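1. here are the coordinates; sequence isn't available:
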Ligand code: SAM
Ligand code: DTB
Ligand code: SF4
């Protein structure tokens, strides 16, 4: 594969914190994946220690502020109108409902509150409502993140003006595998939104999903795409597919958990300054596997018993895990 032809570079990074010095080829990332598990984890942990407190983990709590009924056809997602899942549609929440969840998240120790909406892209009046939520959440002293679908540059500007700290928009998978998973918008649409977010000056949160039946080259290619964004995203969620009945990907052969740990380790090595988030899928990982993910350089989690529509380990279990591992919240 000609990896350089697949590399996307943003055009103007003047407002960016730091420019990317390295362009990662898919082959170079595959070579990392091919290291022995011990060698890979040693390398990832060494990189991790050069850039971060090795025992600090950032905690983000998610809330679905508008659930279900999404016109997109993402094959993994329980909120698509095209998939017969048990998710009940829920219209946009009131700001007060969102703020009461945000207060609870803060009281539990989260530092960032992430609001997700099942939209293809928000309408301008949707943004009015979300902006009210962002202002309220910020006033509680939490960092804010939103994931609302595709954005136009003017919408990204509005969110930045409202004080939104991070915008989450995932590449989800590699360019080559993308068409197997999503048919209602293309890879370039995602890159355009990421460019709009970057240009607005907001922090970029961008990652993907593994365990969707992809091969290792696809995983390496996704990570190379992320690392080659210029600059790399500040926050990189690595999701392990949560298999939901009724979605096309339900019944996919589960990924070997060691391969998941390898994915985290490779992300850490090639995006040394980014927060790598151990994201969806923690309920299916043992405490021991999660410990390996932290050793591999994950330094953020979704915290709280729910993701958007599916489960997540409860706060008590995570507190016990942090105690047992000597980790602390950041
Ligand atoms: N609708 C917006 C969008 O797609 O950008 C925002 C919400 S969407 C649910 C946010 C992200 O959640 C997706 O890009 C995907 O990476 C992740 N996600 C959704 N369903 C998932 C699942 N079943 N397992 C793992 N990650 C999932
Ligand atoms: C991300 O990368 N993962 C989160 C967040 N960003 C928005 C979402 C995970 C969703 C898992 C399926 C669900 O709960 O509906
Ligand atoms: Fe809609 Fe987002 Fe789910 Fe895709 S991932 S179906 S865009 S809510």
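-> The structure has been received and is ready for your questions. Source: prediction; values computed, not measured. Ligands and ions are numbered 1, 2, ... in the order given.

2. I figured residue 255 hits residue 240, correct?
-> Yes. At 6.6 Å, residue 255 counts as touching residue 240 under the criterion of C-beta atoms under 8 Å. All C-beta spots, glycine's among them, are computed from the backbone N, C-alpha and C.

3. strands of the stretch 51-200 of the chain, residue ranges please.
-> Along the stretch 51-200 of the chain, the stretches classed as strands by DSSP state E, counting those that start in this stretch are 56-66, 112-117, 143-147, 166-168.

4. could the ones you listed go into TSV alongside distance to ligand 2 and mean pLDDT?
-> Shown next, in TSV, are the strands of the stretch 51-200 of the chain (distance: least, C-beta to the nearest ligand atom, whole Å; pLDDT from 0 to 100):
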stretch	distance to ligand 2	mean pLDDT
strand 56-66	6	98
strand 112-117	4	98
strand 143-147	5	98
strand 166-168	5	98
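
5. give me the residue at the spatial middle of the protein.
-> residue 237 (2.8 Å; C-alpha atoms, centre = their mean).

6. I'd assumed residue 171 was in contact with that one.
-> No. Checked against C-beta under 8 Å, the pair residue 237 and residue 171 is beyond contact range at 10.7 Å.

7. please identify every residue contacting each of the two.
-> Common contacts of residue 237 and residue 171 (C-beta atoms under 8 Å, 6 or more residues apart in numbering): 206, 207, 208.

8. contacts only, for the second one.
-> What it means is residue 207. By C-beta under 8 Å, 6+ apart, the contact set of residue 207 is 170, 171, 226, 233, 235, 236, 237, 238, 239, 277, 279.

9. check contacts around the fourth one.
-> Going back to what we said before, that points to residue 233. Residue 233 neighbours (C-beta under 8 Å, 6+ apart): 194, 203, 204, 205, 206, 207, 226, 271, 274.

10. how about a markdown table for these, with secondary structure and pLDDT added?
-> Output for those, formatted as a markdown table (DSSP: H, G, I helix; E, B strand; the rest coil; pLDDT from 0 to 100):
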| residue | secondary structure | pLDDT |
| --- | --- | --- |
| 194 | helix | 98 |
| 203 | strand | 98 |
| 204 | strand | 98 |
| 205 | strand | 98 |
| 206 | coil | 98 |
| 207 | coil | 98 |
| 226 | helix | 98 |
| 271 | coil | 98 |
| 274 | coil | 98 |
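
11. tell me where the protein has helices.
-> Taking DSSP state H as the test, the helices found in the chain are 26-33, 37-51, 95-108, 124-139, 153-161, 175-181, 187-200, 216-228, 257-270, 287-295, 315-325.

12. any chance of these in a markdown table, plus distance to ligand 3 and mean neighbour count?
-> Listed next are the helices of the chain as a markdown table, based on distance: least, C-beta to the nearest ligand atom, whole Å; neighbours: other C-beta atoms under 10 Å:
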| stretch | distance to ligand 3 | mean neighbour count |
| --- | --- | --- |
| helix 26-33 | 25 | 18 |
| helix 37-51 | 28 | 16 |
| helix 95-108 | 18 | 17 |
| helix 124-139 | 13 | 18 |
| helix 153-161 | 15 | 18 |
| helix 175-181 | 10 | 17 |
| helix 187-200 | 10 | 20 |
| helix 216-228 | 16 | 24 |
| helix 257-270 | 20 | 24 |
| helix 287-295 | 23 | 18 |
| helix 315-325 | 25 | 15 |
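
13. what's the closest of these to residue 309?
-> helix 95-108 (14.5 Å; C-beta to C-beta).

14. got the contact list for that closest one?
-> Contacts for helix 95-108 (C-beta under 8 Å, 6+ apart): 61, 63, 65, 113, 115, 129, 132-133, 136-137, 140-142, 303-304, 315.

15. for these, which one is nearest residue 294?
-> residue 303 (13.8 Å).

16. need the contact list for the closest residue to that closest one other than its chain neighbours.
-> Spatially, and ignoring its direct neighbours in sequence, residue 303 is nearest to residue 59 (4.0 Å; C-beta to C-beta, 6 or more residues apart in numbering). Neighbouring residues of residue 59 by C-beta under 8 Å, 6+ apart: 109, 110, 111, 112, 300, 301, 303, 329, 330.

17. touching ligand 2 at all, stretch 308-326?
-> Yes. Legend: contact between stretch 308-326 and ligand 2 by C-beta under 6 Å from any ligand atom is shown at 308, 309, 310.
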